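Undergrad: one predicted model, sequence on top.
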Number of protein chains: 6
Amino acid sequence: MATVRLLADDQLSAEAQAVFADIRATRHTDFINNFWRARANDPAALRRTWEALKAVMGPGAIDPKVKEMLYVAVSIAQGCDYCIHSHTAAARAKGMTEAEHAELVAIVGMAAATNRMVQALGVPVDEAFKVSP
Amino acid sequence: MATVRLLADDQLSAEAQAVFADIRATRHTDFINNFWRARANDPAALRRTWEALKAVMGPGAIDPKVKEMLYVAVSIAQGCDYCIHSHTAAARAKGMTEAEHAELVAIVGMAAATNRMVQALGVPVDEAFKVSP
Amino acid sequence: MATVRLLADDQLSAEAQAVFADIRATRHTDFINNFWRARANDPAALRRTWEALKAVMGPGAIDPKVKEMLYVAVSIAQGCDYCIHSHTAAARAKGMTEAEHAELVAIVGMAAATNRMVQALGVPVDEAFKVSP
Amino acid sequence: MATVRLLADDQLSAEAQAVFADIRATRHTDFINNFWRARANDPAALRRTWEALKAVMGPGAIDPKVKEMLYVAVSIAQGCDYCIHSHTAAARAKGMTEAEHAELVAIVGMAAATNRMVQALGVPVDEAFKVSP
Amino acid sequence: MATVRLLADDQLSAEAQAVFADIRATRHTDFINNFWRARANDPAALRRTWEALKAVMGPGAIDPKVKEMLYVAVSIAQGCDYCIHSHTAAARAKGMTEAEHAELVAIVGMAAATNRMVQALGVPVDEAFKVSP
Amino acid sequence: MATVRLLADDQLSAEAQAVFADIRATRHTDFINNFWRARANDPAALRRTWEALKAVMGPGAIDPKVKEMLYVAVSIAQGCDYCIHSHTAAARAKGMTEAEHAELVAIVGMAAATNRMVQALGVPVDEAFKVSP
């Protein structure tokens, strides 16, 4: 069920082939998941998305495992079933334990609950929390 | 701007007073932010929410700073302005650096973008990502 | 802060004037809230929205007070601050007690939490819950 | 998987039959998609929804193809899988090219990213953007 | 399709077994739906969630059937397919008629529409709707 | 009210200054809106976001005015007040008429309503709408 074709390796443009090669080299696996096969219909966007993802999720101040857990948290809050599955798998591959996953789920649930209670009550932001006026 | 009154300390029920005392003791500060003052109109719910928050956000498998960053990520994705302000302040108080905050914002933006692109394309979940059938 | 002008009574087209007159007659008050003053820039849409609202929120199988409470619940879950304020006021005007409001807030928080936990876990729908295949 | 029955043509009330006939005449096709078959359980709502859709999506200031693309954009941002599929098909039927679809997906992704970054940073609205105070 | 295993009765920890027993006793049925089987991987969270649900959804100021309808409304607005199915079934089990369900769907649609129109127009909250400054 | 400082021109790093210069040159105006002043705290992300925006919103298959209208539609559906204000202003600057704006608001409202009704009813995607299995 998709709104575009999922391209097999032999259906790729040269530009998409190059991006797939870089995904495989970067991730040390031959497996290319469906998101990239769908995105490959627009090779320029495929490249732009992959390059941005590498820049944002690559080495930095935050641990790679934690980066994936943040990605999962956003995906849950936005209700993207595919993204929840793919990034939960990625987080586990980067070392997320079952105990950490369980806590992540609990934190997302807790945040979701207080987010909505705060909005229900229309709570004004405390002055102490504002950095800019 | 709120849909309920924000209760001052001298307007609290005995049960709400006890919860406020525990918040102050747990957080080592006299400051009580507006969410709790709004929630204090329903003392039983105030207690339930506070106890759940302590259980979920207390010591566990995930670092307290990371827990707050996950809370911020969910609050952004759900668009709760108050919660973004309060938990960003809390994450900083627990040691989040400006570099980590900047990366958090970038990850949330990246996840938001791919979430919506995935949904636009209706990408089916890869078998490799499914734990249960 | 708005993306259109909020029209005063003497800035209305004849069609918008007629709709405002019906709002006042239906609600037994001279007060017209800002949503209608913003919507009045498009008189045909103003009429269509008002007529649809009267049809949906008018007498039916569900009690008028409960209808407003459902409206509030959706508005919270979608994060519409204006709508939360206006429909919470409307629900109170139709008899919602403070105890009912407190329970409404708790239910919305509970549902928000389990919604996200369910999505995090990717729980498949039980056969027993499906009406159509 | 649905919460109501999807009605076949021989299960319709007289009012629902009349609406289906108008859908077929308006769209120049015998095909009735599942949304209307689900909505047909409430014939008055079926009529109201169809009439509103005709009014909003009919001839006007915006090109019909662009109207469908806007519909798709909203459906993606709200995460409605059915609506994404049905309105992407409708936009293609009204002339959306694959290049336009690819750009639409990129714009939705870009907007989703900056929406969340803006909310993360709590950016105040510039005075220059406000029409009303 | 799930990110965790759905536990069968003979795969439960002692704590999870006790919670399942309480769910069965409280609901007067042997049936345990998939959400609890997924949540059972984290027995402490299972207990916490179930206890909170009992407290929030138990006897109070709002009728149990209406409580379930509010739960459904939130689940729709947040786009949780599983929750929509499970709580629509629960609301019917507590007496929601088809006429009430039809009105619920119409109210959610109406609220969703005006929520977004209000946000599009950036309508400022009327002073009359504010309880706290 | 923001979670970071809004940087004035004399507080910028050299990299941020260069991006601001390009924004001014590209847009033919000296005005820099608050989003960029907030994002300037992370100069690398500022550059990445601006370059991506130029690529996505620049000349292509879709008319620039329509691109901005799609951006507005997403921003409304995601509830980003700042983005609604800034991109509505941008769309007007690129030629969106008041009649087009009024229709845009109506389409977003209509889509929001049917999105939620579809989700409420759990409507399965018609085979005719699927491009990939």
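TA: Good, I have the coordinates.

Undergrad: helix, strand, or coil at A:N41?
TA: Secondary structure for A:N41, judged by DSSP: H, G, I helix; E, B strand; the rest coil, is coil.

Undergrad: what's around the closest residue to it other than its chain neighbours, how many residues?
TA: Using Cβ to Cβ, 6 or more residues apart in numbering or on different chains and skipping the chain neighbours, the partner closest in space to A:N41 is A:V4 (5.1 Å). For the C-beta atoms, the positions are set from N, CA and C on the backbone; glycine is no exception. Burial of A:V4 is recorded as 22 neighbouring residues (other Cβ atoms under 10 Å in any protein chain shown).

Undergrad: list the contacts of A:V4.
TA: Applying Cβ atoms under 8 Å, 6 or more residues apart in numbering or on different chains to A:V4 gives the contacts A:A38, A:N41, B:L121, B:G122, D:H101, F:V131, F:S132.

Undergrad: over to A:I84?
TA: A:V72, A:S75, A:I76, C:Q119, C:A120, C:G122, E:T3.

Undergrad: ok, the fifth one - contacts?
TA: With contact set as Cβ under 8 Å, 6+ apart, C:A120 has these partners: A:V72, A:I76, A:I84, A:T88, A:L104, A:V105, A:V108, A:G109, E:T3.

Undergrad: A:E68 against A:G95, yeah?
TA: No: counting by Cβ atoms under 8 Å, A:E68 does not reach A:G95; the two are 9.3 Å apart.

Undergrad: who has more neighbours out of these two?
TA: It is A:E68, of A:E68 and A:G95, that has more neighbours when counted by other Cβ under 10 Å, with 24 against 12.

Undergrad: how about that one: what's its closest non-neighbour residue?
TA: A:A91 (3.8 Å).

Undergrad: confirm the one you found sits in a strand?
TA: No: A:A91 is assigned helix when assessed by three-state DSSP, not a strand.

Undergrad: what's the burial count for it?
TA: By other Cβ under 10 Å, neighbour count at A:A91 equals 23.

Undergrad: I'd guessed it sits against A:D63; true?
TA: No: counting by Cβ under 8 Å, A:A91 stays clear of A:D63, with 11.0 Å between them.

Undergrad: where does chain A have low pLDDT?
TA: Applying pLDDT under 70 to chain A flags residues A:133.

Undergrad: state the phi and psi torsions of the closest residue to chain D within it.
TA: For chain A and chain D, the shortest gap (Cβ to the nearest Cβ) falls at A:D42, measuring 3.9 Å. For A:D42, the backbone dihedrals (degrees, to the nearest 10) come out as phi -120, psi 80.

Undergrad: if I look at the most centrally placed residue in chain A, how far off is A:K65?
TA: Nearest to the geometric centre of chain A sits A:Y71, at 4.3 Å (Cα atoms, centre = their mean). Computed as Cβ to Cβ, to the nearest Å, the A:Y71 to A:K65 distance reads 11 Å.

Undergrad: what do the two both touch?
TA: Residues touching both A:Y71 and A:K65 by Cβ under 8 Å, 6+ apart: A:A91.

Undergrad: now A:A52, nearest residue through space, not along the chain?
TA: B:M110 (6.3 Å).

Undergrad: give the buried residues for the helix or strand the residue nearest to the centre of chain A falls within.
TA: Following DSSP states H and E, one finds A:Y71 within helix A:64-77. By neighbour count on 16 or more other Cβ atoms under 10 Å in any protein chain shown, the buried set for helix A:64-77 is A:65-77.

Undergrad: got the contact list for it?
TA: A:57, A:60, A:62, A:83-84, A:87-88, A:90-91, A:94-96, A:100, A:104, A:107-108, A:111-112, B:62, B:66, B:69-70, B:73-74, B:76-78, B:103-104, B:107-108, B:110-112, B:115, C:116, C:119-120, D:116.

Undergrad: mark which of the residues you listed are buried, thanks.
TA: Buried among those (16+ other Cβ under 10 Å): A:57, A:60, A:62, A:83-84, A:87-88, A:90-91, A:96, A:100, A:104, A:107-108, A:111-112, B:62, B:66, B:69-70, B:73-74, B:76-78, B:103-104, B:107-108, B:110-112, B:115, C:116, C:119-120, D:116.

Undergrad: which residues touch A:V108?
TA: Taking Cβ under 8 Å, 6+ apart as the test, what A:V108 contacts is A:A73, A:I76, A:A77, B:L70, B:V74, C:R116, C:M117, C:A120.

Undergrad: can you rerun that using 10 Å?
TA: Listed by Cβ atoms under 10 Å, 6 or more residues apart in numbering or on different chains, the contact set of A:V108 reads A:72-77, B:56, B:70-71, B:73-74, B:77-78, C:113, C:116-117, C:119-120.

Undergrad: next one: A:R116
TA: B:78, B:80, B:83, C:73, C:76-77, C:79, C:105, C:107-113, C:115, E:74, E:77-78 are the contacts of A:R116 under Cβ under 10 Å, 6+ apart.

Undergrad: same deal with A:R27?
TA: Contacts for A:R27 (Cβ under 10 Å, 6+ apart) come out as A:N33, A:A90, A:A93.

Undergrad: what's the answer for A:K54, then?
TA: A:D22, A:I23, A:T26.

Undergrad: again with A:T29
TA: Counting by Cβ under 10 Å, 6+ apart, A:T29 makes contact with A:I23, A:A93.

Undergrad: for it, which three-state class applies?
TA: Here A:T29 is recorded as coil under three-state DSSP.

Undergrad: returning to what we had before: the residue nearest to A:A52 sits in which helix or strand?
TA: Element membership of B:M110 [criterion: DSSP H and E] is helix B:98-121.

Undergrad: tell me if I am right that A:G95 is in a helix.
TA: No: per three-state DSSP, A:G95 lies outside any helix segment and is coil.

Undergrad: for it, give its distance to chain C.
TA: For A:G95, the distance to chain C equals 19 Å [Cβ to the nearest Cβ, to the nearest Å].

Undergrad: same question for A:R92.
TA: 13 Å.

Undergrad: so that residue makes contact with E:T3?
TA: Yes: A:R92 is in contact with E:T3 according to Cβ atoms under 10 Å; the separation is 9.2 Å.

Undergrad: who's more crowded, the two?
TA: The neighbour count for A:R92 versus E:T3, taken as other Cβ under 10 Å, is higher for E:T3 (25 against 17).

Undergrad: for the residue lying closest to A:L46 once chain neighbours are set aside, give me its contacts.
TA: The spatially closest residue to A:L46, leaving aside those adjacent along the chain, is A:R39, at 4.6 Å (Cβ to Cβ, 6+ apart). Contacts for A:R39 were tallied using Cβ under 10 Å, 6+ apart; they are A:4, A:6-7, A:16, A:19, A:45-50, B:114, B:117-118, B:121, B:123, D:102, D:105, D:109.

Undergrad: next to chain C, which bits of chain A? Give me the list.
TA: Proximity of chain A to chain C, by Cβ under 10 Å from any Cβ of the partner chain, involves residues A:72-73, A:75-82, A:84-85, A:88, A:101, A:104-122.
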